[in-house]
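*Asks:* need a structure here:
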Amino acid sequence: MKPFIKHFQSEQEYYTPENCYINEISNSPMDAEISIARARVEPGNTTRWHRLKQTSERYVILSGQGRVEIGDLPACDLVYGDVAYIPPDCRQRITNTGKSDLVFLAICSPPFLTENYIDIAEE
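*Replies:* Numbering: from 1, shown residues only. Got it, this is the predicted structure:
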């Protein structure tokens, strides 16, 4: 891998059927080890139950507060600086429990692929 810099582009944020906003900060063949997305969940909203095939994910809370549910663990409250680790194929969702947007990095290894996203809200 060669050194490179990718500047944040706020206008690249989009709304997903998962019930949150995503900005793909880094998901490129130039960095084949991980992907980084900025996720934003509005107050009172919960993302859909889902899992990622063959992909580990980490949530790094940047602002706001939330309650994460991962696999069979008890629901856990998260605030700035907290990290939640989600192993591959593990069900997950997060709720914004605060009065402002919940913003976090979603760091995936290997990089996130749409075809590895499995919506399990109906299971």
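*Asks:* tell me which element the residue nearest the centre of the chain is part of?
*Replies:* In the chain, the centroid-proximal residue (Cα atoms, centre = their mean) is residue 106; its distance is 3.5 Å. Here residue 106 sits within strand 102-109, counting by DSSP states H and E.
*Asks:* measure stretch 106-115 end to end?
*Replies:* By Cα to Cα, to the nearest Å, the extent of stretch 106-115 from end to end equals 17 Å.
*Asks:* can you list the strands that the host helix or strand of residue 15 pairs with?
*Replies:* Element membership for residue 15, per DSSP H and E: strand 14-16. Partner strands and pairing direction for strand 14-16 (DSSP bridges) are strand 20-26 (antiparallel).
*Asks:* how about residues contacting the partner strand?
*Replies:* Strand 20-26 is contacted from outside by 6, 8-10, 12-16, 34-42, 45, 47, 105-106, using Cβ atoms under 8 Å, 6 or more residues apart in numbering. All C-beta spots, glycine's among them, are computed from the backbone N, C-alpha and C.
*Asks:* which among those residues count as buried?
*Replies:* 35-41, 47, 106 (16 or more other Cβ atoms under 10 Å).
*Asks:* dump those into a markdown table; add secondary structure as well.
*Replies:* Listed next are the buried ones among the contacts of strand 20-26 as a markdown table, based on DSSP: H, G, I helix; E, B strand; the rest coil:
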| residue | secondary structure |
| --- | --- |
| 35 | strand |
| 36 | strand |
| 37 | strand |
| 38 | strand |
| 39 | strand |
| 40 | strand |
| 41 | strand |
| 47 | coil |
| 106 | strand |
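*Asks:* which of those residues lies closest to residue 92?
*Replies:* Nearest to residue 92 among those: residue 47, at 8.1 Å, using Cβ to Cβ.
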